[in-house]
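Peer 1: Sequence and predicted structure are below.
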Amino acid sequence: MPKVGMQPVRRRQLIDATIETIHQHGFADTTIARISKAAGMSSGIISHYFGGKNSLLQETMRSLMKDLRDDYMARLATAKTPMDRLEAIINTNFNEEQFTPQVTVAWLSFWAQVPFSDQLRRLNNIYFQRLASNLRHELRQLTTEECADEISSAIAAMVDGIWVRTGLSRGQADIAGARKMVLGTLRLYLANSPSPKK
């Protein structure tokens, strides 16, 4: 009989093992046997907690999104101005826990599957919409609505582009460099944008 309170621990271990297995073997060769071996558990435990490989993969993406959301909310608690909140958004998207070789490869693998999976597409749309909405909300306090829409699209594309390049390079993620590049671009946009209309 499983110990009380072990389910969240086991689920987290399996999600971490999934990320590591994708990093080591690629999405196509991430099997239940490999995930369970990486987690140090029996293959049956995946079915017990997740119902199968596809559900585990979806839960892994959902967990990564939740971790990003939690990090953003923590940063938001100390942000006082629109620019502080924009920095919080960008710093969250290049945080120490997720902007790693293992997680960037996992995100890249999930993105490659989005056109073929309704569930992953739905999760990805939530991520895209949340990022765009958060950026636009703060930018509209610093410039016109039209410029805010344009800047938010550019910054979101830049964030995603850096993640893709990092995932493809298989190198060490440059957190400070990524933040500096995106924040610098954001400030250039704002310096050349009109003030918000009253």
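Peer 2: Received the coordinates, thanks. Numbering: from 1, shown residues only.

Peer 1: CA only for contacts and neighbour counts going forward, please
Peer 2: Will do.

Peer 1: quick one: buried residues of the helix or strand of the chain with the lowest mean pLDDT?
Peer 2: Lowest mean confidence among the helices and strands of the chain (mean pLDDT, DSSP states H and E): helix 44-50, at a mean of 86. Using 16 or more other Cα atoms under 10 Å as the test for burial, helix 44-50 gives 45-46, 50.

Peer 1: mind checking the SS state of Q98?
Peer 2: Assigned by DSSP: H, G, I helix; E, B strand; the rest coil, the conformation of Q98 is coil.

Peer 1: what number of residues lie near it?
Peer 2: Neighbour count for Q98, taken as other Cα atoms under 10 Å: 19.

Peer 1: So for it, what's the nearest residue that isn't a sequence neighbour?
Peer 2: T104 (7.3 Å; Cα to Cα, 6 or more residues apart in numbering).

Peer 1: From Q113, how far out is that neighbour?
Peer 2: Distance of T104 to Q113, given as Cα to Cα, to the nearest Å: 14 Å.

Peer 1: Same question for L135.
Peer 2: To Q113, L135 is 26 Å away according to Cα to Cα.

Peer 1: which stretches of the chain have low pLDDT?
Peer 2: The chain contains residues with pLDDT under 70 at 1-5, 198.

Peer 1: residues in contact with R140?
Peer 2: Residues in contact with R140 (Cα atoms under 8 Å, 6 or more residues apart in numbering) are 148, 196.

Peer 1: Dihedrals phi and psi, it?
Peer 2: Torsion angles at R140 (phi, psi; degrees, to the nearest 10) stand at phi -70, psi -20.

Peer 1: would you list every one of the strands in this protein?
Peer 2: Taking DSSP state E, the chain contains no strands at all.

Peer 1: still on that earlier bit, okay, T104 and Q113: which has more neighbours?
Peer 2: Set T104 next to Q113 and count neighbours by other Cα under 10 Å: T104 wins out with 24 against 15.

Peer 1: My guess is that one contacts W163. True?
Peer 2: Yes: contact criterion Cα atoms under 8 Å: T104 and W163 qualify, at 6.3 Å.

Peer 1: returning to what we had before: which residues sit in contact with the residue nearest to Q98?
Peer 2: With Cα under 8 Å, 6+ apart, T104 has these contacts: 98, 163-164, 166-167.
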